[in-house]
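Q: I would like the atomic coordinates for the input below:
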Amino acid sequence: MIWIIYPEGYLVDEDALLATCEIAKKYNKTAIIGTSHADGSYRNCGVSISISYCIDASGEIVFISKADKRTRIIDLLTKKVETID
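A: Okay, the predicted model is just below:
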C-alpha cells in the first residue's frame, strides 16, 4: 500500500474540504492523510479553516476534522483514531 501525506496549505470553506476528499478517494490502493494550517490561518486572510483527514486505500474516510486543532493518533491497521487534548 502507498501512503501520501499531503499538506493542503489552506481551505476556505467546507465545500472545498469535501471536494478535496472526493478527489483523494479516487486514488486506488493509496491511503492519504491531509492537513491544513494548524491555526486555520493563511497570510492573515481570516477565512481559512483548519482541517485534517485520512482516507484509507479502499477510498473509505477514516476521519475528517474541521476547525479542531487537537492531535490525532491513527492506528493504520485497525483505523482507530485517538484524539489527544
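
Q: helices along this protein, start to end?
A: Assigned by DSSP state H, the helices in the chain fall at 14-24.

Q: which residues of it score low on pLDDT?
A: The chain contains residues with pLDDT under 70 at 1-2, 5-13, 28, 37-48.

Q: redo that, cut-off 80
A: For the chain, the stretches with pLDDT under 80 are 1-17, 20-21, 24-29, 35-50, 69.

Q: who are the contact partners of the residue most central in space within it?
A: Centroid-nearest residue in the chain, with CA atoms, centre = their mean: Y53, separated by 2.2 Å. Going by CB atoms under 8 Å, 6 or more residues apart in numbering, Y53 touches 17, 20-21, 24, 32-35, 61-65. Placement of C-beta: from N, CA and C, glycine included.

Q: PyMOL command to pick out the buried ones of those?
A: Buried residues within the contacts of Y53, by 16 or more other CB atoms under 10 Å, are selected in PyMOL with:
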select buried, resi 17+20+21+24+32+33+34+35+62+64+65
